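Colleague: My questions concern the predicted model and sequence given below.
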Amino acid sequence: MNRTALVVGVTGMAGYHAAIALRDKGFDVIGMSRSPRYELPGVTHVYADVLDQESMRSVLHDREVTDVVFASWQRQATEADNCRVNGEMLQNTLDVVCADNQLTHVTLVTGLKHYLGPFEAYASAPADTPFREEQGRLPFQNFYYVQEDILFAAAKQHSFSWSVHRPHTLIGYALGNAMNMGVTLAIYGSICRETGEPFVFPGSPEQWNGITDLTDARLLGRHIAWSTTEPAGENEAFNTVNGDVFRWRQMWPRVAAALGVEAAPYPGHPTPLEGRMGHADEVWAQIVAAHGLQAYAASELASWWHTDADLGRTVETFADMGKSRAAGFLEYQDSTHSFRDLFEELRANKIIPRVPSAGPDAGPTA
C-alpha cells in the first residue's frame, strides 16, 4: 500500500490505536504529538503544536501525506472556547497538510457528546437511546459540530473523502490521557487493594442500574482503518462501540476481580473520586517504590474528574452499531475483556502492581 497516514494525537488512546491499525494494514504512519511521551514501533514520530501552523510546517514540509486521522483535543474553560480552540486545531492541520498534498481521506474522532451535549449542558437534553447516527444535532454549542463543519468544507474544497467516528468511553492503553477511565479505575483499584480502602462504585444510581456500553480503543483503531480504506466508509459518520451492553452493577465485580480487590457494596449515591482521591499521589509513590513500578504520579495517570463525569451521569447512554454492520464492519469486543486486557498490559509495562490470578466472573450485586 502506497499511502501515508498522519495521526494527530498519536499518544492518546484513539490516535495510538489508530496508528497501530493503519500500520498493520500496510500504511506508512507519521504520528504527531506535542511532545515525546512514548513511541510506537514502525511509526515515525514528529512533534508539533497544532495551534501553530509554522510548527507543523517545520516537521511536515518534506513528508508526503495521503491520509489524516485527527484524534486530538484540548479542554477549555467554556464551550465557546472549546469551539474556537479545537476548531482552530483541526483547521490548522488541514490547511498545512492540504497546502502540499492531495489527500485521499481524513478521519475525525469525536464522541458521544454529539448526542449528550457539551460539558456545560451535559446530558441536560440528550438524544434518545440507543444513539443512532441519523439523529440530528442538539441545540447547544458543541465543538464536535464545529469540527465536523470544518471537515465537510475542507473535503468539498480539496476533494478528499472523510469519516467521523463517535466512540463512547474509551478503554485502552495510553498514559497521561485526560479521558482515561480504564487506567483511572486501575489506579483506584490498586490503591484500594494496597490500603484496604473500599473499592466502591463512585457513580450515580442511574449508571449503576442502567444500560450502558463502552469502546475498546483497539476496536476503534480497526474501525478507523476500515473506514479509511473501504468505499462503504467514505463520507459517513459512525458510532464506534464494542457491540455489547451491560449494567455497572454487573461489571463492577468483574473489574474488581480483575484488579484483585473486593467490590464494596454500592451505597446508593455517588461518592466522587475527585474528592476521595486527594491522597492518591502520596499513596501511589509508596506503591511505586514497593513494587518497582515506573515512576509516574497517580495524577499523571488517573483522570478522576472525567471518570466521575462518565459514571455520574443521570441518563442512560448507549449507541447503536447497525449502520456499521450494514456497511460491512462486523467486529465485536467483549467489554469485560477490554478491562482485563488493559490491566494485564498495565502490569506488563510496570504501571500497576501484579496481583494473584483473578477468580471467575462475579455475578451481579444489588
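Modeller: That came through fine. Numbers count the residues shown, from 1 in each chain.

Colleague: tally of neighbours for the residue nearest to K323 when sequence neighbours are not counted?
Modeller: Here the nearest residue to K323 in space, its sequence neighbours aside, is E133; by C-beta to C-beta, 6 or more residues apart in numbering that works out to 5.3 Å. The C-beta positions use only the backbone N, C-alpha and C, and glycine is treated the same way. The tally of other residues near E133 (other C-beta atoms under 10 Å) stands at 18.

Colleague: Likewise for S190?
Modeller: Counted with other C-beta under 10 Å, S190 comes out at 27.

Colleague: if I pick L170, what's in contact with it?
Modeller: For L170, the contacting residues are 13-14, 179-182, 214-217, 220, by C-beta atoms under 8 Å, 6 or more residues apart in numbering.

Colleague: Go through those and flag which are in helices.
Modeller: Of the contacts of L170, the ones assigned to helices by DSSP state H are 13-14, 181-182, 217, 220.

Colleague: For the residue nearest to K323, give its distance to P353.
Modeller: E133 sits 41 Å away from P353, going by C-beta to C-beta, to the nearest Å.

Colleague: so how far is the lengthiest helix in the chain off the chain centroid?
Modeller: Selection of the longest helix in the chain by residue count, based on DSSP H, yields helix 79-100. Counting by C-alpha atoms, centre = their mean, to the nearest Å, helix 79-100 is centred 20 Å from the centre of its parent chain.

Colleague: for that helix, what is the average pLDDT?
Modeller: Across helix 79-100, the average pLDDT comes to 97.

Colleague: hmm, who's touching that helix?
Modeller: Counting by C-beta under 8 Å, 6+ apart, 6, 8, 50-53, 56-57, 60-61, 65, 68, 70, 72-76, 103, 106, 108, 118-121, 140-143, 146-147, 150-151, 154, 158 sit against helix 79-100.

Colleague: Do I have it right that M179 meets W305?
Modeller: No: checked against C-beta atoms under 8 Å, the pair M179 and W305 is beyond contact range at 9.7 Å.

Colleague: What residues does V7 make contact with?
Modeller: 15, 18-19, 22, 29-32, 43, 68-69, 71.

Colleague: Spatially central residue in the protein, please.
Modeller: When C-alpha atoms, centre = their mean is applied to the chain, the residue found nearest the centroid is L170 (3.7 Å).

Colleague: Can you name the residues bridging to that residue?
Modeller: Beta-bridge partners recorded for L170 (DSSP bridges): T215.

Colleague: Tell me the helices and strands packed up against the stretch of helix or strand Q207 belongs to.
Modeller: Under the criterion of DSSP states H and E, Q207 resides in helix 205-209. Helix 205-209 is packed against helix 248-259, with contacts defined by 3 or more C-beta pairs under 8 Å, 6 or more residues apart in numbering; DSSP states H and E.

Colleague: For the helix it packs on, buried residues please.
Modeller: For helix 248-259, burial by neighbour count (16 or more other C-beta atoms under 10 Å) applies to 248-249, 251-259.

Colleague: Just the buried residues of the helix or strand that contains T184, please?
Modeller: Element membership of T184, judged by DSSP H and E, is helix 181-195. Across helix 181-195, burial judged by 16+ other C-beta under 10 Å covers 181-194.
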